[in-house]
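Novice: next comes the sequence, and after it the predicted model I'd like to discuss.
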Amino acid sequence: MAATFEIYLGGAWRPAAELTPVDEKAGVRGASRFGYLDEYAADYAGPNTSAAAGLSCRYPADFQLHRLDYWPPFALDLLPNGYGRRQWLEQLALQDGPAADWPLLLRGAAFPPGNIRIAEAVAAKDPNTLAPTASGELVPMKDHPGFDRADVIARNEAFVEYIVQHGIHAAGASDVHGVAPKYLLTRDHGGAWHAEGRLADADVQSHWLVKRPRGERAADRKVLRNEAAYMRVAERLGLKVFAGLEWEEDNLFVPRFDRRVCGGKVERYGMESLYSAADVLEYGARIHHEVLCGAIRAFCTEPDAELLEYIKRDIVNVVLGNKDNHGRNTAFLRHESGVVKLTPLYDFAPMYLDPEGIARVCRWSDNAESAGEPDWGAVIEIFPGKEETLREALRDFGRLLEQLPEIMRDCGVEDDIIEQRDRSIQAHSRQLLALRES
C-alpha cells in the first residue's frame, strides 16, 4: 500500500506524490520509495515551479523515484506524535513502536498543519460518524453544530469525545516532544467551534490551535499561562510574531499562521520543520544549530535576514529559559510564489520551570557553547563573511536586552520569572554589547 500526499495548491487539493514503505513494520527508519505522480510532475517539474510545488525544500517536484533508507523526513511533520500519538494508538488499538508508524500516517494525517495531507487519512473520515453535541444529543459529524467557547475551555465531556472521534490532535506536536494536549479547531461565522476539517472553507471564520497544560501541576499551568506574555515580549524585541495569544482558565488559544481566510476562501501555506529541511529524522534530535542554520542558508529566500532572526531567537531562548528549542519548534513557511522564510515564533515559553527538568535541546558546537551558555562572539565566527553585520546587529540587540526586565513586566510576565531570569539577561546583554569591532 502507498500513502498519497495531497497538496493545497491553486485553491484546491490535488494528489501530488506517493510514499511506499519497503517494510511497513519498520516504521520511519525503514527503507521507502517516494516519488511525485506523473501528472503532478508534468505540471510542476519545470525550473521555475519545481521548488515551490515540492512537498519539501529537499524534494522539488520531479519525475525521479527516490529510493531511500528511511522515510523522507517531511513525512514526520504529518505523523501524530506525543499526546496525539497516544490518543491515536488507543483509538486504533495499536501497540507503540515502529510498526505503528505506518497505520498512524494512514489514519492520523488528515488535518496536519501546513498545506499537505494524506489522502487515505481523509478518506477514512466518515462524515456520518455519530458525535455528541454539548447537550448530549448524538448527530452525524457532518451536521454537528459545534461547541461554545465555554465548552472548549471547560473540556465539556461531549467536546472531549468529539475531539477523540475526529482525531484533531496536532501532528508533529512539540512541548517536550508533544506531551501537552493540542487541538486544531476552526471557528464558524456564528462563533461556534468545530474540529479542523469539518467545516467547508466558506463557513470558516478563523483557525486556531488550542493548548492545554502538559500536566496537573501548578508549574505546568504556569508555563502555559506565561506563554502569551512571552510572545508579547518577543514582539517588543522585534522578533517575528503573528497574533496575540489568549489565555483563559488553563487554555491557550493560538491563532494559526499557516491559514488565511480571505473572501470566503482559505489560503493554506506550506509549513516544514527545520528538522525536515535539514534531513533530520528524529523528533527531538540533539544536534548543533549549525546544521539547522545550514538549511536556512540553503533554502530561505532571504537567508541573511532569517539567519539573524534565528540567532536572535536563540539568544532570547537562552536568557528567558525556553529550553525546548528543538528543530520542530522552528519551521519554514513556504508560499506558492516560491518564497521561503521562517514562520512566526511559536512554542515560546518559560520551559525552565518544567518540573521534569529539560536540558537545552539544540546547541552550538563545542567551541561556541559550554554547559548551555553560548559564546556569541564564537557563534558569529561560525559564519564567515557575515561577522561584522552580525556583530553590529547583535550589539544593537544587546542594548534592547538591557531593557528586558522592564519589557517583561509591561507584557505581563510574572514577577518571580522576571527575577529568576535577571542574571541571565544581564550576563548576555553585557556579552552582546562587548562584541568587538572589526
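Specialist: Yes, it's here.
Novice: what about the stretch 151-300 of the chain, any weak spots by pLDDT?
Specialist: Judged by pLDDT under 70, the stretch 151-300 of the chain has its weakly predicted residues at 167-179.
Novice: all helices for it, in order.
Specialist: Counting by DSSP state H, counting those that start in this stretch, one finds helices in the stretch 151-300 of the chain at the ranges 157-166, 175-178, 218-225, 227-236, 274-277, 289-299.
Novice: quick check: D77 touching P112?
Specialist: Yes. The criterion here is CB atoms under 8 Å, and D77 meets it with P112 at 6.8 Å. In short, each C-beta sits where N, CA and C put it, glycine included.
Novice: number of nearby residues for the residue lying closest to A202 once chain neighbours are set aside?
Specialist: The shortest distance from A202 to any non-neighbouring residue, by CB to CB, 6 or more residues apart in numbering, is to G264 (4.7 Å). A count of nearby residues for G264, using other CB atoms under 10 Å, gives 11.
Novice: ok, G264 touching D201?
Specialist: Yes. Applying CB under 8 Å, one finds G264 in contact with D201, separated by 7.3 Å.
Novice: overlap in contacts of these two?
Specialist: The contact sets of G264 and D201 do not overlap (CB atoms under 8 Å, 6 or more residues apart in numbering).
Novice: quick one: contacts of stretch 361-377?
Specialist: So stretch 361-377 is in contact with 284, 286-290, 292, 314-315, 318, 323-327, 359-360, 378-379, 381-382, 394, 428, 431-432, 435-436, going by CB under 8 Å, 6+ apart.
Novice: how about a cut-off of 6 Å?
Specialist: R286, H288, H289, N325, H326, R360, A378, V379, Q431, L432, L435 (CB atoms under 6 Å, 6 or more residues apart in numbering).
Novice: in helices, which of these fall?
Specialist: Of the contacts of stretch 361-377, the ones assigned to helices by DSSP state H are H289, A378, V379, Q431, L432.
Novice: neighbour count and distance to E216 added to those, as CSV?
Specialist: As requested, the ones in helices among the contacts of stretch 361-377 are exported to CSV (neighbours: other CB atoms under 10 Å; distance: CB to CB, whole Å):
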residue, neighbour count, distance to E216
H289, 23, 34
A378, 15, 42
V379, 22, 39
Q431, 18, 39
L432, 22, 39
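Novice: save those residues as CSV, and put in distance to G10 too.
Specialist: Shown next, in CSV, are the ones in helices among the contacts of stretch 361-377 (distance: CB to CB, whole Å):
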residue, distance to G10
H289, 36
A378, 46
V379, 41
Q431, 48
L432, 45
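Novice: pretty sure H166 contacts A195?
Specialist: Yes. Applying CB atoms under 6 Å as the test, H166 and A195 come out as touching, 3.9 Å apart.
Novice: now do the shared contacts for those two.
Specialist: The contact sets of H166 and A195 do not overlap (CB under 6 Å, 6+ apart).
Novice: and which of the ones in helices among the contacts of stretch 361-377 is nearest to V160?
Specialist: The closest of those to V160 turns out to be H289 (CB to CB; 38.8 Å).
Novice: what's near enough to touch F242?
Specialist: F242 makes contact with F257, P344 under the criterion CB under 6 Å, 6+ apart.
Novice: and it, how far from P15?
Specialist: Distance, F242 to P15, by CB to CB, to the nearest Å: 30 Å.
Novice: with R395 instead?
Specialist: To P15, R395 is 51 Å away according to CB to CB.
Novice: just R214 next, same as before
Specialist: Distance from R214 to P15, counting by CB to CB: 37 Å.
Novice: those two: which is more packed in?
Specialist: Comparing R214 with P15 by neighbour count (other CB under 10 Å), the higher total belongs to R214, at 22 against 14.
Novice: would you agree the more buried one is in contact with R221?
Specialist: No. If you go by CB under 6 Å, R214 and R221 don't touch, sitting 9.6 Å apart.
Novice: number of nearby residues for R155?
Specialist: R155 has 16 neighbouring residues, counting by other CB under 10 Å.
Novice: now it. Nearest residue, chain neighbours left out?
Specialist: Leaving aside its sequence neighbours, R155 sits nearest to R212 (CB to CB, 6+ apart; 7.8 Å).
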